[in-house]
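Engineer: How does the following fold in three dimensions:
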Amino acid sequence: MGRRAPRWGSIFRVAQEDADMPIYEYRCEKCRNEFEAFVWSSKEAESVECPRCGSKDVKKLLSSFASKASLSSVLGSGCGTGGFS
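Structural biologist: Just a heads-up that it's a prediction; the model follows:
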């Protein structure tokens with residue numbers, strides 16, 4: 001007997017686990033608590049509330065971000081001038 005093809009549900013779960021999570025930082029205007037929230041859509045963004053006091057008066061903060069990169073892409077390949085002479 002050959003190998004069975006995986007079910008679509010299991011493929012979808014793996015793809016979900018490997019996907020970058022949309023994490024945003026917020027500050028509660030009522031209690032000044034800063035927190036992170038997973039927000040998948042603009043509709044969900046409207047319902048974000050402070051985990052400390054429950055207020056919906058929250059402000060999205062500008063934050064730094066992380067990126068997946070290999071060491072060679074960060075440091076360069078070491079070959080050539082990178083377009084500079």
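Engineer: How about the contacts made by K30?
Structural biologist: Listed by Cβ atoms under 8 Å, 6 or more residues apart in numbering, the contact partners of K30 are C50, C53, S55, D57. Yep, even glycine has a C-beta here, placed from its N, CA and C like the rest.
Engineer: Quick check, pLDDT for the spatially closest residue to the second one that is not a sequence neighbour.
Structural biologist: If you skip the residues right next to it in sequence, C53 has C31 as its closest partner in space, 4.5 Å away by Cβ to Cβ, 6 or more residues apart in numbering. C31 carries a pLDDT value of 98.
Engineer: is it true that C31 lies in a strand?
Structural biologist: No. Residue assignment for C31, taken from DSSP: H, G, I helix; E, B strand; the rest coil, gives coil, which places it outside any strand.
Engineer: Check the spacing between it and G54 real quick.
Structural biologist: In this structure, C31 lies at 10 Å from G54, with Cβ to Cβ, to the nearest Å as the measure.
Engineer: list the buried ones in the helix or strand R27 falls within?
Structural biologist: The secondary structure element spanning R27 is strand 23-28 (assigned by DSSP states H and E). For strand 23-28, a neighbour-count test (16 or more other Cβ atoms under 10 Å) marks Y26, R27, C28 as buried.
Engineer: Can you tell me which of those residues is closest to S42?
Structural biologist: Among these, Y26 lies closest to S42 (Cβ to Cβ), at 14.5 Å.
Engineer: OK, contacts around that closest one?
Structural biologist: By Cβ under 8 Å, 6+ apart, the contact list for Y26 reads E34, F35, E36, A37, V48, C50, V58, K59, K60, L61.
Engineer: which of the contacts of K30 tops the neighbour count?
Structural biologist: The most crowded member of the contacts of K30, judged by other Cβ atoms under 10 Å, is C50 (21 neighbours).
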